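>>> Below are the sequence and a predicted model; questions follow.
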Amino acid sequence: MTRARLIAKNLWRAPGRTILLIVCIAVAFVTFGVLNGFLASMSPNDEVSGSRDLIVHNRVNLLQTLPIAYFDRVRRVPGVAAVSHLNVLGAYGETPGDTVPLMMVDPDSYLALHADQIKLTAAQRSAFLEERDGLIVDASTASRHGWAVGDHVVLHSRLYVHRDGGNDWPFHIVGLFPTTEAGGLGAFGRYDYLNGDLLVGGDQVHWFTVRTADAASRDRVAATIDYRFANSNFETKSEPASAMARAMLDQIGDVALAIRLIVSAAFVTILLVVGNTVALSVRQRTAEFGTLRAIGFVPWQLARFVLAETTVLFLVGASIGLAIAGLILTALASASGGSRGALGLPHAVALQGIGIALLAALLTGAVPAWRALRITPAAALRR
């Protein structure tokens, strides 16, 4: 009988126990795969080398605003080629869960700064520049919400109160534009509409988008802007967009730490369960191991059998778990219509999962393998 067949027979001598162990391991790796897939989808890509763009926001945090009066002062900083500003409305549709990414912008400067991303027809651009309550939406977002040009929609804000005392903000959709961004760019309204119809807190923006004259001057411009507003009531922090995206994640907590804690708890549990079960299996097979020793097997061969069985258990369970995690992430991405961005199981996460499975197999099988090394024919006969 070959070693592979012997390992397989040992694993399936108690099929119920083996299946339960594989299920236990698979569940842990489903958790690992799904959580790390979410983390990968939320993590911003590394900034593009040569980028000229900066985000200027309040140094305290991203939820604090800056005075609109900073607009002209930022524009006059040497090395600044263009600047615009925006406010996040924190909008949703009929229910709070129906989130709509809606930014209120200065139409002229924002469209000029993002001409390569927001491509409107001449008629749509003219309508957006003329109508205070005009709204332009990327085609992906419009499709998800069933919107079309000419529709009148009412969105609700989590951050701003309308002058009538409510959180309802009516809009007229005047333009749709295509986008290649995963999940779409969202919707854009006019800052003067927001600022003019606010109940309180006018003349404030969330951040400024700055484009420098060249990539080499970006860091110098960022330092100059922050120095200009140092020791003021509204100090700034100027950084590339990718760095700001990481800061946004920090606003909602240390997601990576939470994921590590959850995954670690799952793996500690399966290590205890699988390790205890494999150790029990070795004790039950003492007579068999003693017989193998008597017919010529050496101790390290018995230890290798134990480690091989544990490795097979973990690799099968991990493969099933990671495959299910990939299917779950793909289904979630499909159900969200792409609003979750590039949601899926990255190859790096899958490889990391297989590596963890091998390490866990080694840790779990170490003690039972050591016990197998100590079994002698005499001890087996006594049992």
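Cool, got the structure.

>>> Tell me, how many residues neighbour V30?
Neighbour count of V30, defined by other C-beta atoms under 10 Å: 22. From N, CA and C alone the C-beta is placed, and that goes for glycine too.

>>> Ok, I173 next?
The burial count for I173: 22, using other C-beta under 10 Å.

>>> ok, and the closest non-adjacent residue to W169?
Computed as C-beta to C-beta, 6 or more residues apart in numbering, the closest residue to W169 that is not its neighbour in sequence is L155, at 5.3 Å.

>>> thinking that neighbour is in contact with F171, fair?
Yes - between L155 and F171 there is a contact under C-beta atoms under 8 Å: 6.4 Å.

>>> before we move on, back to that, which parts of the host helix or strand of the residue nearest to W169 are buried?
For L155, the element it lies in under DSSP states H and E is strand 152-157. Residues of strand 152-157 classed as buried by neighbour count (16 or more other C-beta atoms under 10 Å): 153, 155-157.

>>> got the contact list for stretch 95-114?
With contact meaning C-beta atoms under 8 Å, 6 or more residues apart in numbering, stretch 95-114 is reached by 82-89, 91-93, 118, 120, 125, 128-129, 135, 141, 145, 155-156, 158, 184-194, 209, 211.

>>> Start and end of it, how far apart?
Start-to-end span of stretch 95-114 (C-alpha to C-alpha, to the nearest Å) is 30 Å.

>>> strand partners of the strand holding L155, parallel vs antiparallel please.
strand 91-92 (antiparallel), strand 168-177 (antiparallel) (DSSP bridges).

>>> could you give me the average pLDDT of the last one?
Going back to what we said before, that points to strand 168-177. If you average the pLDDT over strand 168-177, you get 95.

>>> Would you mind listing the buried residues in that strand?
Neighbour-count burial for strand 168-177 [16+ other C-beta under 10 Å]: 169, 171-177.

>>> can you give me the helices in the stretch 101-250 of the chain?
Along the stretch 101-250 of the chain, the stretches classed as helices by DSSP state H, counting those that start in this stretch are 107-113, 122-130, 139-145, 191-196, 218-228, 241-251.

>>> can you check the stretch 251-383 of the chain too?
In the stretch 251-383 of the chain, the segments counted as helices under DSSP H, counting those that start in this stretch are 255-284, 286-294, 299-335, 347-373, 377-382.

>>> For the ones you listed, which has the smallest mean pLDDT value?
Averaging pLDDT over each of these puts helix 377-382 lowest, since it has a mean of 59.

>>> how far away is T179 from D138?
Distance of T179 to D138, given as C-beta to C-beta, to the nearest Å: 4 Å.

>>> Report the set of residues contacting both of these two.
L185.

>>> neighbour count winner among those two?
Taking neighbours as other C-beta under 10 Å, T179 and D138 compare with D138 leading, 23 against 18.

>>> The more buried one pairs with what?
F177.

>>> Now do the contacts for it.
176-179, 181, 184-187.

>>> And for D197?
Applying C-beta under 8 Å, 6+ apart, one finds that D197 lies in contact with 162-163, 169.

>>> Need the residues you listed in TSV (columns: distance to L21).
Output for the contacts of D197, formatted as TSV (distance: C-beta to C-beta, whole Å):
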residue	distance to L21
H162	59
R163	63
W169	55
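
>>> With respect to G16, which of these is nearest?
Of all these, G16 sits closest to W169, with 59.5 Å by C-beta to C-beta.

>>> OK, contacts around that closest one?
With contact taken as C-beta under 8 Å, 6+ apart, W169 is in contact with 89, 91, 154-157, 160, 162, 189, 194, 197.

>>> just A223 next, same as before
Counting by C-beta under 8 Å, 6+ apart, A223 has contacts S238.

>>> element containing the closest residue to V263 other than its chain neighbours, please.
Closest residue to V263 apart from its sequence neighbours, by C-beta to C-beta, 6+ apart: F32 at 5.0 Å. Assigned by DSSP H and E, F32 belongs to helix 15-42.

>>> Pull the distance from the helix or strand following that helix to the chain's centre.
Where DSSP H and E defines the elements, the next helix or strand beyond helix 15-42 is strand 53-58. Centroid displacement of strand 53-58 relative to its chain, using C-alpha atoms, centre = their mean, to the nearest Å, is 22 Å.

>>> do the same with stretch 193-206
Mean-position distance between stretch 193-206 and its chain equals 32 Å (C-alpha atoms, centre = their mean).

>>> same deal with stretch 87-102?
With C-alpha atoms, centre = their mean as the basis, stretch 87-102 stands 20 Å off its chain's centre.

>>> For it, buried residues please.
87-93, 100-102.

>>> Between the two ends of that stretch, how far is it?
The straight-line separation of the ends of stretch 87-102 (C-alpha to C-alpha) is 9 Å.
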